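Student: structural data only, the sequence is not supplied:
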């Protein structure tokens, strides 16, 4: 089964973006910049998974990585972003679902 971020599988892009307050969107953007400095590959995986809505398999193919590496980078990126955003649980928009 494909593993897609919830944001990528619900409604049109305008509706999905509305799940964040403006403050949350700014905080997420800042956290992504920080992630880019710490781990550029994890940041790219995050952009493709979260914003482009690619599956793990599609992300692996796009970046020339193995599926296992994409899973590892996505897990790491989510953990760091949640830590930096002060979240104990992922925002609903960043949860993954099996498809």
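Tutor: Structure's in. What do you need? Computed from a prediction, not measured in an experiment: that's the story for all the values here. Numbering: from 1, shown residues only.
Student: buried set for stretch 48-56?
Tutor: Using 16 or more other CB atoms under 10 Å as the test for burial, stretch 48-56 gives 48, 49, 50, 53, 54, 55, 56. (Glycine included, C-beta is placed from N, CA and C.)
Student: pretty sure the second one contacts residue 62?
Tutor: This points to residue 49. No - Residue 49 is not in contact with residue 62 according to CB atoms under 8 Å; the separation is 10.3 Å.
Student: out of the buried residues of stretch 48-56, which one has the lowest pLDDT?
Tutor: In terms of pLDDT, residue 50 ranks lowest among the buried residues of stretch 48-56, with 90.
Student: for residue 79, see how far away that one is.
Tutor: Using CB to CB, to the nearest Å, residue 50 is found at 14 Å from residue 79.
Student: ok, then the element right after the helix or strand of the chain with the lowest mean pLDDT?
Tutor: Ranked by mean pLDDT, DSSP states H and E, the weakest helix or strand in the chain is helix 13-17, scoring a mean of 40. Counting by DSSP states H and E, the element after helix 13-17 in chain order, helix or strand, is helix 22-38.
Student: what comes up buried for that following helix?
Tutor: 27, 28, 31, 32, 35.
Student: what of stretch 63-72?
Tutor: Neighbour counts over stretch 63-72 (16+ other CB under 10 Å) mark 63, 65, 69, 70, 71 as buried.
Student: for the protein, just list every one of the helices.
Tutor: For the chain, the helices defined by DSSP state H occupy 6-9, 13-17, 22-38, 40-46, 56-63, 67-85.
Student: of the ones you listed, which shows the lowest average pLDDT?
Tutor: Here these differ in mean pLDDT, and the lowest is helix 13-17 at a mean of 40.
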